[in-house]
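Undergrad: can't give you the sequence, but here's the structure:
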């Protein structure tokens with residue numbers, strides 16, 4: 001692929017219309033879907049037309065929507081349930097690792113108190 005064609009393709013892939021979709025109007029409310037679009041690329045060449053290559057990657061994920069109703073604009077973020085679940089799991093693991101020594105000491109102190117009673 002010609003480097004100029006490559007740059008043109010990258011510009012098209014990362015254009016603003018990829019971030020803001022076409023507005024949707026229903027029941028007097030206009031909704032504009034928004035996504036986060038990121039991309040990157042690279043390439044290389046050789047001397048005397050011996051070869052070369054280039055490539056790029058584009059990633060898009062939903063961010064939310066702008067809702068327009070009676071002249072007021074409001075933002076409604078998209079909920080990424082996978083991130084929420086992953087965040088909860090990370091917090092749980094950190095809590096277990098951090099609280100384990102305290103729980104062990106408490107259990108040791110409790111068992112020695114129980115032995116002293118009998």
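TA: That came through, no problem. Bear in mind the structure is a predicted one, so any value in this text is a computation, not a measurement.

Undergrad: tell me the secondary structure for the closest residue to residue 19 other than its chain neighbours?
TA: Spatial nearest neighbour of residue 19, excluding adjacent residues (CB to CB, 6 or more residues apart in numbering): residue 37 at 5.3 Å. Just so you know, the C-beta spots here come from the backbone N, C-alpha and C atoms, and that holds for glycine as well. Here residue 37 is strand, with the state taken from DSSP: H, G, I helix; E, B strand; the rest coil.

Undergrad: who does residue 37 bridge with?
TA: residue 60 (DSSP bridges).

Undergrad: quick check: it touching residue 59?
TA: Yes: contact criterion CB atoms under 8 Å: residue 37 and residue 59 qualify, at 7.3 Å.

Undergrad: looking at those two, which is more packed in?
TA: residue 37 (18 against 10; other CB atoms under 10 Å).

Undergrad: so how far is residue 64 from residue 87?
TA: 18 Å (CB to CB, to the nearest Å).

Undergrad: helix or strand right after the helix or strand of the chain with the lowest mean pLDDT?
TA: Every helix and strand of the chain was ranked by mean pLDDT, DSSP states H and E. The lowest is helix 16-19, at a mean of 66. Using DSSP states H and E, the helix or strand that follows helix 16-19 in sequence is strand 24-26.

Undergrad: any chance you could list what contacts that next one?
TA: Under the criterion CB atoms under 8 Å, 6 or more residues apart in numbering, residues 30-33 lie in contact with strand 24-26.

Undergrad: mind redoing it with 10 Å?
TA: Strand 24-26 is contacted by residues 30-33, 65, 68 when judged by CB atoms under 10 Å, 6 or more residues apart in numbering.

Undergrad: direction included, what does that strand pair against?
TA: Going by DSSP bridges, the partners of strand 24-26 are strand 29-45 (antiparallel).

Undergrad: now the strand it pairs with: buried residues?
TA: Using 16 or more other CB atoms under 10 Å as the test for burial, strand 29-45 gives 31-34, 37.

Undergrad: ditto for stretch 65-78
TA: In terms of neighbour count (16+ other CB under 10 Å), stretch 65-78 has its buried residues at 65, 68.

Undergrad: pLDDT on whichever strand or helix holds residue 96, on average?
TA: Assigned by DSSP H and E, residue 96 belongs to helix 81-117. Averaging pLDDT along helix 81-117 gives 83.
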